Every structure is written in C-alpha cells, then in structure tokens.
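Engineer: this one's sequence-less:
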C-alpha cells in the first residue's frame, strides 16, 4: 500500500513536470549545454533549431542584398503597457495595440509584442549592432508571423531613444512583470526607419530566433539603424537582459559567393 | 604520357593544398557552417573545439567567482609595431616587446601579441561588454600560454582609450598588415586594471577561443573593465573586424549551481 502511494506520487510528479515541459518547452539560454548549439537537443519541440533550412538570424551583404518594397505601417502609440522580463529578454504588450498592424502581400499582420536582443542578432556585412528590437506581428487567420527587426547602435553623441526611455525606467530589472500607465512612442521608431524610403527593409523568409525556432516567419529588417545612448544600453537595458543573441545561421536556400 | 602528366599535376595540387591546410588549418569564421558550432568538423586539428573539457570563454558569476592573487607585470611601451588585420581580428606585435612579461607560479611568460574580440568573449553575470583585448604571453621553455583578458565598455562620457587610439589610426581596415613607427601605450592598460588591487584578475585554466582551441592556457581576466568611446568602437574598430566572439562554453570541470 505504502509503495503504491509512493509510486502514485512519483508518477504524478513526472506527469506534472512533463506537462510543464510540454506547455512551456525545456529551459534554454545562451551559454554552455543549454546554449544555441544545443537547443535542438533540449526538447523534441526544438528540433527545427537544429534541422531547419530557413533559420534566423542571418548576415546581410550590402553588395548583394537589396531592400524590398516594404509593408504599409499603421502603428499606434499607447499609454497602458505590460512589461515582462522573462529572464531572456524584456517584452512589451498592450491591449491598446490590437488595431496596430502592417500590411504586405494583401494581408494584415496585427501587432502582438516587441522584445529585445543584445547585441543585435542580424548583422550587416558581418558587423553586429548593439541592440535589436523585434516587433512581432501575426495574421489572425493563418497565425503566420511577420517580424520587423530594427537595429540600434550606440551613438557617440549620446542621443537617447524616446522609445527605449520608458522601458528603462519601468521594465523589471530581474524576472517578473508589471503593467503601467505609461506612454510608449512606438510610432516614432517606424517613422524613423521609413525615412529610408518605400524600400525601407530587407525581406526574407526565416524563423523565430529562440526555441522552438519555428519557420515561416516573414522578416523585415530595417536598412536604417537607429541611435541609442551608452547610458541607456550599457548601464541599463543590457544589464536587465544579458547576452541573448543567437549566432548567425547559414542561408541554406541561397547561394552566396564566398559565404 | 599525357594522362600521366595530368595525374602528376593533380597530385601536386592536392599535396600543395593539403600542405596548406596542414600548416594553416581550415578556414573558419563566426557564421553558419564555418561558425563556432562547426569548428570541430572543419579540420581534424580543430577537434578540441568540440570535445575539449576546459574550453574558453566562460561566464563569471560575481557571487561565486573571486579574483586570485594575480601576476607580476612588466610591460614596456613601444614605438615600432606591426599591425595585422587577418580577417578575423586585428593583432599587434613588436620585436621591442621581447622583454615584456608577466610572472606567476615562479614562471616568466613573455609577451607575444595582443588582439581583439567584439563583443567581449568572457561575460560577467551573463552580460557581455563591447570589446575584449587578449594579451597573449608564452613560457619559452614549455610553450604554454597565459592570456590576460581586458574587457572594455562603451563609456557614456565618450572617454577615448589611449591604448586603442593609434590602432584605430594605423591598423589596416581590411585584410593586410604593415609596420609603423608609432607609440603604443600598452603599460597604461595594465596600470589601470591593476588599480583593482593585488587580486586584479579571475584565474582559470582554459583554451584558445579560436581554432585549434588548444587547452592548457592559463587565463587571467581583469575584474576591472575599461572605458572606450563609441567613436573608437562603433565607427572604427568593430567595423574593421566584424563580430568575432565565440559563444560562452560550459565549465565542465566545475559544478556551478543553476548554471
């Protein structure tokens, strides 16, 4: 009877923990045996991280990669926002963003959240920038994702990013989340990158840059990089997140000479 | 006779190219199929990159890692220096450095060269810095290496590094090398990091952070980080090198809770 009870408890614990893994996926991070080189072995659901053929991020070569006709943008600023530090990144979402969207290929992709990577995941001619913001959009019908990537460099003039400013003030320094009545000027980011013209972004078909590394993500990486101050990045944002940049993937579908 | 000639030419070419690989090792870089995750498969001599048990770089946890009694330092400034851009990094060497050395465990390690990685390879509490200088020393008897790692962060005040300044002015922007009569203030770097006290560096036993990833390197990573300006790094040094930072390795020899 006693051994049956113990067996029941043990089995329940296994079920609970496997259920947890099934829902949330195995723990991953950016170093050693739980780092990017091992993601595909951590969880059966992370298989694409190892065998995918259209994985992100990639390196753009400005002599052969050209910006495509880029999405129509409708982004609204908000004054009510949830900020989460999940231990890997800081992520912002808001019910007030439900009507913000981008449109390309005659499809509306609605804005879900924005999060950050440091240093940048995408590279230009092999050179990384200091920060990359990922604006994640989704087609409600197909659930297909589109992500706009904006790269930031530390500006010698110390120009602060208006968009980043409230995030530094309010985002949790360690794991946790909270919702604030605070203004977030997200529209300014899109105004700035669109100054590059109607072809303001590199388009390619890629993946999520974190497990489960699902493919069929349409990427739009802005050709114009934006300034951020060293105070905002070095002493604040990157301290809250740590290094969270996946290594550059091969472009399997494309032949790039000398690449 | 003709086919014998062709065979001879083909065999000679194979011999020449395999000799080249044997001497220089296979090409490697920091992305896709020639990136860090594949280094060990690129060349039989790079095997340690995959199976080594004391690989570098690592992440230091300031709550459990403490600086050790650090080397005695004798570093001379020079006014004659060779600067090489090898496509991965910029490396400085000089015959005038032959008498510069560090001493620990009753052994002199003589200074051979200094080169750079961006962003930093070693991390502190999971956070990367913007640049890491590797000062490479060697014991002439055993050929064992000791490397002093110094991490730089982009300073909001825009403080220039005196040491980095002539490198930005004179180092080749692309592959190549040249020798200059130029003053390099290397002693100042060691003066600054030694301000942390007699225990000015974390000591551990690791490896080269590039192929062939040989182990038995004694690492000394300075606990004090130094400032560099965004102008020096973002607009200059990292543009000459691109991203060249190996992912953080596991610390196989050590048990680190929650690591």
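Structural biologist: In hand now; what should we look at? Predicted model only: the values in this text are computed from it and were never measured.

Engineer: switch to C-alpha atoms for all contacts and neighbour counts from now on
Structural biologist: OK.

Engineer: ok, residue A:98 - contacts?
Structural biologist: A:110, A:111, A:112 (Cα atoms under 8 Å, 6 or more residues apart in numbering or on different chains).

Engineer: Residues of the stretch 1-150 of chain A that sit close to chain B?
Structural biologist: Neighbours of chain B within the stretch 1-150 of chain A, by Cα under 8 Å from any Cα of the partner chain: A:30, A:31, A:32, A:33, A:37, A:119, A:125, A:126, A:127, A:128.

Engineer: can I get the residues you listed in JSON lines with pLDDT and neighbour count?
Structural biologist: Putting the residues of the stretch 1-150 of chain A next to chain B into JSON lines (pLDDT from 0 to 100; neighbours: other Cα atoms under 10 Å in any protein chain shown) gives the following:
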{"residue": "A:30", "pLDDT": "93", "neighbour count": "23"}
{"residue": "A:31", "pLDDT": "89", "neighbour count": "22"}
{"residue": "A:32", "pLDDT": "85", "neighbour count": "18"}
{"residue": "A:33", "pLDDT": "87", "neighbour count": "19"}
{"residue": "A:37", "pLDDT": "88", "neighbour count": "19"}
{"residue": "A:119", "pLDDT": "98", "neighbour count": "26"}
{"residue": "A:125", "pLDDT": "94", "neighbour count": "14"}
{"residue": "A:126", "pLDDT": "94", "neighbour count": "20"}
{"residue": "A:127", "pLDDT": "96", "neighbour count": "19"}
{"residue": "A:128", "pLDDT": "97", "neighbour count": "26"}
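
Engineer: Show me which pair in the residues you listed is furthest apart.
Structural biologist: Comparing all pairs in these by Cα to Cα, the longest separation belongs to A:33 and A:125, at 29.1 Å.

Engineer: if we can go back for a sec, let's see if you can find the most crowded of the contacts of residue A:98.
Structural biologist: Taking other Cα atoms under 10 Å in any protein chain shown to define a neighbour, the member of the contacts of residue A:98 with the most is residue A:111, carrying 25 neighbours.

Engineer: Quick check, that one in contact with residue A:135.
Structural biologist: Yes. In terms of Cα atoms under 8 Å, residue A:111 counts as a neighbour of residue A:135; the distance is 7.4 Å.

Engineer: So what's the residue count around the nearest residue to residue A:43 once chain neighbours are set aside?
Structural biologist: Take residue A:43 and drop its neighbours on the chain: the residue closest to it by Cα to Cα, 6 or more residues apart in numbering or on different chains is residue A:26, 5.7 Å away. Using other Cα under 10 Å, the number of residues around residue A:26 comes to 19.

Engineer: Are we agreed that residue A:26 is in a helix?
Structural biologist: No. Following the definition DSSP: H, G, I helix; E, B strand; the rest coil, residue A:26 is coil and is not counted among the residues of a helix.

Engineer: Need the pLDDT of it.
Structural biologist: What the model reports as pLDDT for residue A:26 is 91.

Engineer: Run through the strands of chain A in chain order.
Structural biologist: Under the criterion DSSP state E, chain A contains strands at A:59-60, A:72-74, A:81-85, A:90-93, A:101-104, A:107-117, A:123-124, A:131-138, A:145-154, A:176-180, A:201-207, A:215-222, A:226-228.

Engineer: which of those is buried the deepest?
Structural biologist: Of those, the one with the most neighbours on average (mean count of other Cα atoms under 10 Å in any protein chain shown) is strand A:145-154, at a mean of 25.

Engineer: Tell me which strands it pairs with, and in which orientation.
Structural biologist: For strand A:145-154, the pairing partners within the sheet under DSSP bridges are strand A:131-138 (antiparallel), strand A:215-222 (parallel), strand A:226-228 (parallel).

Engineer: could you check the angle strand A:107-117 makes with that strand?
Structural biologist: With axes from the mean of the first three to the mean of the last three Cα atoms, to 10 degrees applied, the angle from strand A:145-154 to strand A:107-117 works out at 40 degrees.

Engineer: tell me the angle strand A:145-154 makes with strand A:201-207.
Structural biologist: For strand A:145-154 against strand A:201-207, the angle by the same axes, to 10 degrees is 120 degrees.

Engineer: Contacts for strand A:145-154, please.
Structural biologist: Contact with strand A:145-154 is made by A:109, A:120, A:129-139, A:193, A:216-222, A:224-230, A:233, B:230, B:234, as judged by Cα under 8 Å, 6+ apart.

Engineer: now it, how far from the centre of its chain.
Structural biologist: The gap between the average C-alpha position of strand A:145-154 and the chain average comes to 8 Å, counting by Cα atoms, centre = their mean, to the nearest Å.

Engineer: Equivalent analysis for stretch A:74-85, please.
Structural biologist: Distance of stretch A:74-85 from the chain centroid (Cα atoms, centre = their mean) equals 16 Å.

Engineer: what do you get for stretch A:221-240?
Structural biologist: Between the mean C-alpha point of stretch A:221-240 and the mean C-alpha point of its chain there is a distance of 14 Å (Cα atoms, centre = their mean).

Engineer: Quick one: mean pLDDT for that stretch?
Structural biologist: Here the mean pLDDT over stretch A:221-240 is 97, rounded to a whole number.

Engineer: Next, the distance between the ends of it.
Structural biologist: Its start and end residues considered, stretch A:221-240 measures 24 Å (Cα to Cα, to the nearest Å).

Engineer: Pull out the buried residues from that stretch.
Structural biologist: A:221-235, A:237-240 (16 or more other Cα atoms under 10 Å in any protein chain shown).

Engineer: These in helices, which ones?
Structural biologist: Here DSSP state H is the test, and the buried residues of stretch A:221-240 give A:230, A:231, A:232, A:238, A:239, A:240 as lying in helices.

Engineer: What pLDDT is listed against residue A:14?
Structural biologist: At residue A:14, the pLDDT value in this model is 43.

Engineer: what's around residue A:195, how many residues?
Structural biologist: 11.

Engineer: Can you give me the distance of it to chain B?
Structural biologist: Computed as Cα to the nearest Cα, to the nearest Å, the residue A:195 to chain B distance reads 21 Å.

Engineer: Show me the shaky parts of chain A.
Structural biologist: Along chain A, the parts satisfying pLDDT under 70 run over A:1-23, A:252-259.

Engineer: Let me see the contact set for the spatially closest residue to residue A:41 that is not a sequence neighbour.
Structural biologist: Closest residue to residue A:41 in three dimensions, ignoring its sequence neighbours and counting by Cα to Cα, 6+ apart: residue A:47, at 7.1 Å. For residue A:47, the contacting residues are A:39, A:40, A:41, A:212, taking Cα under 8 Å, 6+ apart as the criterion.

Engineer: Check the gap between residue A:47 and residue A:26 for me.
Structural biologist: With Cα to Cα as the criterion, residue A:47 and residue A:26 are 12 Å apart.

Engineer: try residue A:121
Structural biologist: With distances defined as Cα to Cα, the gap from residue A:121 to residue A:26 amounts to 22 Å.

Engineer: before we move on, the earlier item: same list (the contacts of residue A:47) but as a markdown table, adding neighbour count.
Structural biologist: Formatted as a markdown table, the entries for the contacts of residue A:47 read as follows, by neighbours: other Cα atoms under 10 Å in any protein chain shown:
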| residue | neighbour count |
| --- | --- |
| A:39 | 26 |
| A:40 | 22 |
| A:41 | 16 |
| A:212 | 19 |
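
Engineer: what residues does the stretch 151-259 of chain A put near chain B?
Structural biologist: If contact is defined as Cα under 8 Å from any Cα, the residues of the stretch 151-259 of chain A in contact with chain B are A:153-156, A:158, A:229-231, A:234, A:238-239, A:241-243, A:247-251.

Engineer: Any idea what residue A:127 is bridged to?
Structural biologist: Beta-bridge partners for residue A:127, by DSSP bridges, are residue A:124.

Engineer: need the contact list for residue A:125.
Structural biologist: Residues in contact with residue A:125 (Cα under 8 Å, 6+ apart) are A:59, A:60, A:61, A:62, B:242.

Engineer: and if we set it to 6 Å?
Structural biologist: Shown in contact with residue A:125 (Cα atoms under 6 Å, 6 or more residues apart in numbering or on different chains): A:60, A:61.

Engineer: same thing with residue A:171?
Structural biologist: The neighbours of residue A:171, taking Cα under 6 Å, 6+ apart as the test, are residue A:83.

Engineer: Fine, thanks again, bye for now.
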